[in-house]
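# Compute the structure for the input listed below.
(2 chains)
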Amino acid sequence: MTATAPRGTGAASQGRGGGGPDTRRAAIAARTLRTDRWWVQPLVTVVVLVLFIAYSTFRAFQNAYYYASPYISPFYSPCITTRCEGDSFPEFFTGPAWISPAIYILVLPLGIRLTCYYYRKAYYRSFWLAPPACAVAEPHRRYTGETRFPLIGQNVHRYFLYAALLFNVILFYEAFRGFRDETGEWGHMGLGTVILLVNAVMLFLYSISCHSCRHIVGGRLNTFSKHPLQYKAWTAVSKLNARHMQYAWISLFTVAFADFYVFLLATGTISDLRFF
Amino acid sequence: MTEPGEPSIRAVDEGSGENRGGYDATFRVWRGDASGGELQTFTVPVNEGEVVLDVIHRLQATQAGDLAVRWNCKAGKCGSCSAEVNGRPRLMCLTRMNTFAEDETVTVTPLRTFPVIRDLVTDVSYNYEKAAQIPAFTPRPRDPDGNHRMQQVDVDRPQEFRKCIECWLCQDTCHVIRDHEENKAAFAGPRFLIRLAELDMHPLDVVDRRDAAQQEFGLGYCNITKCCSEVCPEGIHLTDNGIIPLKERVVDRRYDPLTWLGSKIRRRPRD
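As a prediction, the model looks like this:
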């Protein structure tokens, strides 16, 4: 087991600098000797994320077909300008007509995904190739990680979590408004209601399973025995946290699918399946 | 050394002399030292149920008597036989031969991140030097009856990290130092980040290591790509349970103005 000593400072052994390998290492020229298909996972991640980014960017700038009474696309929720279609949310201001209402709000859901501990792993590996896979050499000459600007900004993740939780409440609100019919009368339900509800639930699970949430609800404590409620909360979030990756991907699909469903309704391509 | 396909002694039961469903495996083993080396190919008998370390021992006993390999317990508990098998950091004693196809070439190389001494043996002293820099466990004063008291629920988290056998596979696979030798000066590696987390979470410890974690041990270099967790033979969740919680504690201290303000006006207990 590790021996410890009075606190010292600085490096134990100086690096050799220059980004080159230690010449005393075993001379193995191959970038990796892995024989499995290590490139499949980063490739799939790139393909899926690029498709999502392309679709969501197109829809966010489209500024149309995001409302089909009583449903509103999650990309446009909350819709906060007076130019919004429908009667979904308090309208705070009137923006220029050429700016899509989605542009004002998407920075927050984008921010939580961009700074999320799971997505960081995914895109550092698959887009930045740092590293592309375990024990596969990365192509960069220098590496400073999250020690300096801009990546030191990843530390604001918890603030995006707070914003995401607010959005979760709004998305549940919008989903419950789906228990109306096209004329606004309550007591009805359709397939769109189910889709918006499932999306709200998955996004909520993604938010509360986050590592920052796990820290905030109790992980920061050292003596759980003195804080039984926080310990219970931490235990519950820890169980969800083990599935954070799954919630990250599932919620990505559900939010895109919910938007696509509203798009199909709004363009008249399909009509909503009404249950009652 | 034999050429691929060259006949060799068949795998047999040493007691009865019967063949136990063995086969001849092709092994490529890195041989050399700091001045240079190469992958050499051997054909080695394999018996049912064996692990890579068994085959390396047979190779050493029958064909390469001067092959340098570090090993001890053969049970995945001492952390000595760390190497890279088909490019993946593994304990040779826990890598079963039946995970490879019989016609698959098995490549065994030393840990890439550390200076090689000879063949499969590397100089891992970097890790011990980093270990010596970690501020030691410093418990609060004893209770009036002379005892230290803590609840099991409070030490469950640190105890996960005590499972570490210091095989250095996490250090070896971490790209921060594997691909950038120059970062060894500023980065302690995942094993010692979880050591810092272990001490920081300990209910009896009173030393504050959060600033040191970021400034002296390079926590910010970690980009949480989780390779350390993937290779850990003890199944320790280094990233999710150690490094990320430590990052969040550092955020409390250095990057979150609300938490900082709360601690200053004493509305947010530290414990």
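# Next up, the contacts around residue 113.
Reading this off chain A. Remark: with contacts taken as Cβ atoms under 8 Å, 6 or more residues apart in numbering or on different chains, residue A:113 is in contact with A:119, A:248, A:252. Where you see a C-beta, it was placed from the backbone N, CA and C, and this is true even at glycine.
# my bad, chain B
Taking Cβ under 8 Å, 6+ apart, one finds A:25, B:171-174, B:177-178 in contact with residue B:113.
# I'd like to know the phi and psi angles of it, please.
Listed backbone geometry of residue B:113 is phi -80, psi -20, with angles given as degrees, to the nearest 10.
# How about residue 122, nearest residue that isn't a chain neighbour?
No chain in the question, so chain A it is. Once its chain neighbours are removed from consideration, residue A:122 has its nearest residue in residue A:45; the separation is 5.2 Å (Cβ to Cβ, 6 or more residues apart in numbering or on different chains).
# oops, chain B please
Distances taken as Cβ to Cβ, 6+ apart place residue B:114 nearest to residue B:122, at 4.0 Å, with adjacent residues excluded.
# Please state the backbone phi and psi of that neighbour?
Torsion angles at residue B:114 (phi, psi; degrees, to the nearest 10) stand at phi -120, psi 160.
# Quick check: it touching residue B:174?
No. Taking contact to mean Cβ atoms under 8 Å, the distance of 11.8 Å between residue B:114 and residue B:174 leaves them out of contact.
# what's around residue 262, how many residues?
Looking at chain A here, since you left the chain open. Here the count is done by other Cβ atoms under 10 Å in any protein chain shown, and residue A:262 has 26 residues near it.
# You answered for a different chain; I wanted chain B.
Here the count is done by other Cβ under 10 Å, and residue B:262 has 14 residues near it.
# Figure out the helix or strand that it lives in.
Under the criterion DSSP states H and E, the helix or strand holding residue B:262 is helix B:257-264.
# Repeat that for residue B:45.
Going by DSSP H and E, residue B:45 is in strand B:36-46.
# residue ranges for the strands of the stretch 1-150 of chain A, please.
Assigned by DSSP state E, counting those that start in this stretch, the stretch 1-150 of chain A shows strands spanning A:67-68, A:71-72.
# Low-confidence stretches in chain B?
When the per-residue scores of chain B are filtered using pLDDT under 70, the ranges that remain are B:1-21, B:266-271.
# any chance you could map the strands in it?
Along chain B, the stretches classed as strands by DSSP state E are B:23-33, B:36-46, B:82-85, B:88-91, B:106-109, B:116-118, B:121-122.
# Can you check the pLDDT for residue A:8?
On the pLDDT scale, residue A:8 is placed at 39.
# isn't residue B:67 right up against residue B:60?
Yes. With contact taken as Cβ under 8 Å, residue B:67 and residue B:60 are classed as touching, separated by 4.5 Å.
# Confidence-wise, which helix or strand of chain A is lowest on average?
Every helix and strand of chain A was ranked by mean pLDDT, DSSP states H and E. The lowest is helix A:101-105, at a mean of 88.
# Quick one: list the elements packing against the helix or strand harbouring residue A:253.
Assigning secondary structure by DSSP H and E places residue A:253 in helix A:244-266. Contacts of helix A:244-266 with other secondary structure elements, assessed using 3 or more Cβ pairs under 8 Å, 6 or more residues apart in numbering or on different chains; DSSP states H and E, are made with helix A:40-62, strand A:67-68, strand A:71-72, helix A:107-115, helix A:117-126, helix A:191-208.
# Tell me how far that helix lies from the chain's centre.
Mean-position distance between helix A:244-266 and its chain equals 12 Å (Cα atoms, centre = their mean, to the nearest Å).
# tell me which residues of stretch B:96-104 are tucked away?
Residues of stretch B:96-104 classed as buried under the neighbour-count rule (16 or more other Cβ atoms under 10 Å in any protein chain shown) are B:97, B:100.
# correction: stretch A:154-168
A:154-155, A:157-161, A:163-164, A:167-168.
# same question, stretch B:251-263
Applying a neighbour-count criterion of 16+ other Cβ under 10 Å, one finds B:251-256, B:259 buried in stretch B:251-263.
# Looking at the residues you listed, which one is closest to residue B:213?
Within the buried residues of stretch B:251-263, distances to residue B:213 taken as Cβ to Cβ reach their minimum at residue B:253, with 9.3 Å.
# Tell me if I'm right that the closest one and residue B:211 touch.
Yes. With contact defined as Cβ under 8 Å, residue B:253 reaches residue B:211; the gap is 6.6 Å.
# still on that earlier bit, in JSON lines: the contacts of residue B:113, plus neighbour count and distance to residue A:74.
Below are the contacts of residue B:113 laid out as JSON lines (neighbours: other Cβ atoms under 10 Å in any protein chain shown; distance: Cβ to Cβ, whole Å):
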{"residue": "A:25", "neighbour count": "19", "distance to residue A:74": "50"}
{"residue": "B:171", "neighbour count": "29", "distance to residue A:74": "43"}
{"residue": "B:172", "neighbour count": "26", "distance to residue A:74": "43"}
{"residue": "B:173", "neighbour count": "27", "distance to residue A:74": "38"}
{"residue": "B:174", "neighbour count": "30", "distance to residue A:74": "38"}
{"residue": "B:177", "neighbour count": "27", "distance to residue A:74": "42"}
{"residue": "B:178", "neighbour count": "26", "distance to residue A:74": "41"}
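# tell me which of those is nearest to residue A:98?
Minimum separation from residue A:98 among the contacts of residue B:113 (Cβ to Cβ) is found for residue B:174, which lies at 48.0 Å.
# OK, contacts around the closest one?
Contacts here follow Cβ under 8 Å, 6+ apart; on that basis residue B:174 touches B:113, B:189-190, B:222, B:227-228.
# In helices, which of these appear?
Secondary-structure check on the contacts of residue B:174 using DSSP state H: residues within helices are B:190, B:227-228.
# now, which of the residues you listed lie close to chain A?
Taking Cβ under 8 Å from any Cβ of the partner chain, the overlap between those and the neighbourhood of chain A is residue B:227.
# Can you flag the buried ones in the ones in helices among the contacts of residue B:174?
Burial of the ones in helices among the contacts of residue B:174 was assessed by neighbour count (16+ other Cβ under 10 Å); the buried members are B:190, B:227-228.
# Make TSV from the residues you listed and add distance to residue B:265 to it.
Putting those into TSV (distance: Cβ to Cβ, whole Å) gives the following:
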residue	distance to residue B:265
B:190	36
B:227	41
B:228	38
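# can you count the residues close to the nearest residue to residue B:138 once chain neighbours are set aside?
The spatially closest residue to residue B:138, leaving aside those adjacent along the chain, is residue B:207, at 4.6 Å (Cβ to Cβ, 6+ apart). By other Cβ under 10 Å, 14 other residues sit near residue B:207.
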